[in-house]
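Asks: got a sequence here, can you model it:
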Amino acid sequence: MLAFLTDADLPAARIAHQGIELAEHAADKDEIGAILAECAFAPEQGGFTAAHSSTLNPCIGDGWIAAGDASMTFDPLSSQGLLHALFTGLAAAEAADSYLSGDLAAPARYQQIMDGIQHAYRRHLAFSYSSEMRWPAAPFWQRRQSIAR
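Replies: Numbers count the residues shown, from 1 in each chain. This is a model prediction of the structure:
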């Protein structure tokens, strides 16, 4: 899989709409081009989707509980999505089981867990963005680093 992360309003985003054009652009880059050639990468189709962070708050209500991407989505640079899906799937199941067993405080505890995840994620994301120094003039990074300050 080849992914290209940018903001939809930046000129570079145009190539992300076409899988072939994106693969050709990447193949022209020394390091990634060599990797793509070595594995005989051949794009089948391209896709374009938003991949920003989001939070459903509250993530639990009367008769429902959200887990995984339904509760919170993460910037792809954080690599948090899979871990979050597995952890919150288990935590949601435990909260539902506890609630159905008479523990009326279980939903509030689940919401506290989710609030803690969101807080830690934002803190770590800000640190990661502020640590990147290779492209100080690139609009993509300027936007993220201004958020991190």
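Asks: residues contacting the residue sitting furthest away from the middle of the chain?
Replies: Residue farthest from the centre of the chain, counting by C-alpha atoms, centre = their mean, is G102 at 34.9 Å. Residues in contact with G102 (C-beta atoms under 8 Å, 6 or more residues apart in numbering): none are found. (C-beta placed from N, C-alpha, C; glycine too.)
Asks: ok, now Q142?
Replies: Contacts of Q142 by C-beta under 8 Å, 6+ apart are P136.
Asks: quick thing: my sequence starts at 492, can you match it?
Replies: Got it, the first residue is 492 from now on, which makes the last one we talked about Q633.
Asks: do a quick rundown of the helices in this structure.
Replies: Using DSSP state H, the helices found in the chain span residues 510-518, 521-529, 572-591, 597-622, 630-639.
Asks: output the ones you listed as a markdown table; include the columns distance to S544.
Replies: Shown next, in a markdown table, are those (distance: least, C-beta to C-beta, whole Å):
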| stretch | distance to S544 |
| --- | --- |
| helix 510-518 | 23 |
| helix 521-529 | 25 |
| helix 572-591 | 11 |
| helix 597-622 | 7 |
| helix 630-639 | 10 |
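Asks: those: which one's closest to S545?
Replies: Closest approach to S545 among those (C-beta to C-beta): helix 597-622, 10.2 Å.
Asks: picking up where we left off before, and T546, which of the helices of the chain is closest to it?
Replies: helix 597-622 (5.5 Å).
Asks: for that closest one, packing partners?
Replies: Judged by 3 or more C-beta pairs under 8 Å, 6 or more residues apart in numbering; DSSP states H and E, the packing partners of helix 597-622 are strand 551-552, strand 563-564, helix 572-591, helix 630-639.
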